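Colleague: got a sequence here, can you model it:
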Amino acid sequence: MQGAPWTGRLVLSLALPVALGLAIAACKVTVEDTNAPYAVLYDAGKVDSSSFAGALPFDDNAISKIDSSKLIADPHPCHEPMLAKVFGVADGDTIDVNEVDVDGSAGLRIRLIGVDSPEVAHGTTPADCYGDEATAFTKQLLGHFVWLTFGDTCIDKYDRTLAYVHLNTTESGFFQRQLLRRGFASAFIFSDNAGQRTLFEGDEAIAKSSKVGLWAACPGK
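Modeller: This is a model prediction of the structure:
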């Protein structure tokens, strides 16, 4: 929470408006949101694919001034949006941040909601296919401001903070979508944080059909 120490028990904030009219599907990919009361179509042809190529849209000065109510969160977020600075990257889907403007911020380990990147090496266990590439991509966040928004659940069983990561309010600024569309992660949805299921599964479907990233490099994908 801005201006207050973070605790493991986060206060439920007011529901943020979520526009799920974001579409996707270059190859006529259609995804149905099984958690929705009706089918949600996801048309990739309506999304500018150039948003998911080239350099990431970093602008720390601009991001610090963002109206956070314009960022995507789940309908009933467990915490209000948070401005943070990235100081560590564990792998493609896990980062370490300090909350901005909070004296003595102890740092938070953030597990990105809704995505799963291949694992990096642990001890004698080698990295998964494309684990190093996914981690290198996420390391671009180091030293930069990001906004965090939230789902229904804020803390996982490993005491990591669960969050969406944003570089700006556009589709290309939603970092989970960058990972998915470039093939650095697959969609990985839990029922307690499923607000972006349709968006993320559509992004994965496009990356698969386009054979980018891990979908091209890793046998069996």
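Colleague: what residue ranges in the protein score low on pLDDT?
Modeller: 1-49 (pLDDT under 70).
Colleague: how about the lengthiest helix in it: buried residues?
Modeller: When the chain is parsed with DSSP state H, its longest helix is helix 197-210. Buried residues in helix 197-210, counted by 16 or more other C-beta atoms under 10 Å: 197-208, 210. C-beta coordinates here come from the backbone N, C-alpha and C atoms, glycine included.
Colleague: out of the residues you listed, which comes closest to residue 106?
Modeller: residue 200 (29.7 Å; C-beta to C-beta).
Colleague: before we move on, back to that, now do the longest helix of the chain: distance to the chain's middle.
Modeller: Its chain's C-alpha centre and that of helix 197-210 lie 14 Å apart, by C-alpha atoms, centre = their mean, to the nearest Å.
Colleague: what's it packed up against?
Modeller: helix 175-181, strand 186-187 (3 or more C-beta pairs under 8 Å, 6 or more residues apart in numbering; DSSP states H and E).
Colleague: among these, which is nearest residue 56?
Modeller: Using C-beta to C-beta, the nearest of the helices and strands packed on helix 197-210 to residue 56 is helix 175-181, at 6.7 Å.
Colleague: surely residue 71 meets residue 81?
Modeller: Yes - assessed by C-beta atoms under 8 Å, residue 71 is found in contact with residue 81 at 5.8 Å.
Colleague: the more surrounded of these two?
Modeller: residue 81 (24 against 19; other C-beta atoms under 10 Å).
Colleague: show me the contacts for the more buried one.
Modeller: Residues in contact with residue 81 (C-beta atoms under 8 Å, 6 or more residues apart in numbering) are 16, 68, 69, 71, 73, 147, 148, 149, 150.
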